[in-house]
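Student: Just need the structure, nothing else, for what follows:
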Amino acid sequence: MKLVTRGGALLAAAMLCVLAAMPARAEVTQEPIQGFFGEVDGTPSNLVINKDQGKSATNAVSIIYDNTPSAANFGFSSTDLLAVFGDELFTTGLGILSTHQLSLFNAGSSLGPVLTATLGVEFYDAVSSAFLGAYNVNVNFGAGLNPGFFSTINVTALDPLLINLNVTDIIVLQRVVAKTGAASRLGIASKNPPTVGSSPISMFINATTVGPAGFYNVGTSPANPIYQIGVSPPPVSTVSKSWSQLKKLYR
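Tutor: Residues are numbered from 1 along each chain as shown. A predicted model of the protein is given here:
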């Protein structure tokens, strides 16, 4: 397993040479979920359109990991609002990240609701620790995501970031970058089992309230933070080449 640092690149290459093949750490306590707030559309905040994006053909999105159809089995949170949560995912395919779903859980013991939040999400090759890409997403919960409830956040149109998920063993990490509202204990909701792809029974936690960064078992249930990943094939240019250009390729 890999170690995550707090701040900057969440999985610093210098730190990933340790904890290789480390088993999941001791069990931590799962938290009950009181209700489902619903699905909320998030707005990516760091999209930069690639100059060739308009020349690319539109491709269908393929779901390569999904546990969203399953029932929620627990929530997990921390009063450390800089905490990082995540999971190792074994996907069923490769491609450019196009759509993503993730969760935000406001624990029952939190002091109030979450009104708005910005979440940072990062992707890594679980074997080589290579950074694959990242995005931030802004979410507005209206009257508020109340204590005890979780929400599923839908993020679409991520293709311009060109996050190439070119391996089938990836690590996804998330953290709250900023928030408004009195919420004082935030985290993730878990759903089990995955319906597309698979995941180990542990999840990644880096929180001062838990212990050293690493993969932890949460209660006796499989820990699968809510994720759905949709990809499209790499862009295919629709710009035609002249016959003279084509002949040069075969000399």
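
Student: I figured Phe90 hits Gly197, correct?
Tutor: Yes - at 5.5 Å, Phe90 counts as touching Gly197 under the criterion of CB atoms under 8 Å. Just so you know, the C-beta spots here come from the backbone N, C-alpha and C atoms, and that holds for glycine as well.

Student: out of the two, which sits in the more crowded spot?
Tutor: Neighbours per residue (other CB atoms under 10 Å) separate Phe90 from Gly197, with Gly197 holding more: 20 against 15.

Student: I figured the more buried one hits Asp87, correct?
Tutor: No - under the criterion of CB under 8 Å, Gly197 is not in contact with Asp87, lying 10.9 Å apart.

Student: Quick check: neighbours shared by Phe90 and Gly197?
Tutor: Tyr65 (CB atoms under 8 Å, 6 or more residues apart in numbering).

Student: where does the stretch 51-200 of the chain have low pLDDT?
Tutor: The model of the stretch 51-200 of the chain has pLDDT under 70 over residues 51-59.

Student: Now stretch 31-44 - C-alpha only, PDB.
Tutor: Extracted C-alpha coordinates of stretch 31-44, given in PDB (Å, rounded to 0.1, in the frame of the first residue of the first chain):
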ATOM      1  CA  GLU A  31     -20.700   5.600  11.600                       C
ATOM      2  CA  PRO A  32     -24.400   5.200  10.900                       C
ATOM      3  CA  ILE A  33     -26.000   7.100   8.000                       C
ATOM      4  CA  GLN A  34     -29.300   8.700   8.900                       C
ATOM      5  CA  GLY A  35     -30.400   9.600   5.400                       C
ATOM      6  CA  PHE A  36     -29.600  10.400   1.700                       C
ATOM      7  CA  PHE A  37     -29.600  14.100   0.800                       C
ATOM      8  CA  GLY A  38     -29.800  13.200  -2.900                       C
ATOM      9  CA  GLU A  39     -27.600  13.700  -6.000                       C
ATOM     10  CA  VAL A  40     -26.100  17.100  -6.600                       C
ATOM     11  CA  ASP A  41     -24.400  18.300  -9.800                       C
ATOM     12  CA  GLY A  42     -20.900  19.600  -9.200                       C
ATOM     13  CA  THR A  43     -19.100  22.300 -11.300                       C
ATOM     14  CA  PRO A  44     -15.400  21.600 -12.100                       C
END
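
Student: Can you name the residues bridging to Ala117?
Tutor: When assigned by DSSP bridges, Ala117 has beta-bridge partners Val139, Lys179.

Student: tell me the contacts of it?
Tutor: Ala117 neighbours (CB under 8 Å, 6+ apart): 104, 138-139, 141, 176, 178-180.

Student: how about 6 Å then?
Tutor: Contact analysis of Ala117 by CB atoms under 6 Å, 6 or more residues apart in numbering lists 139, 176, 179.

Student: My read is that the first one contacts Gly42, right?
Tutor: Yes - Val139 sits in contact with Gly42 when judged by CB atoms under 6 Å, with a separation of 4.8 Å.

Student: Nearest spatial neighbour of Thr209, chain-adjacent residues omitted?
Tutor: In space, and not counting its chain neighbours, Thr209 is closest to Ser78: 4.7 Å by CB to CB, 6 or more residues apart in numbering.

Student: again, but for Thr168
Tutor: Closest residue in space to Thr168, ignoring its immediate chain neighbours: Thr91 at 4.8 Å, by CB to CB, 6+ apart.

Student: could you measure the one you found against Thr79, distance?
Tutor: Separation of Thr91 from Thr79 (CB to CB, to the nearest Å): 32 Å.

Student: higher neighbour count, these two?
Tutor: The neighbour comparison of Thr91 against Thr79 (other CB under 10 Å) goes to Thr91, with 23 against 16.
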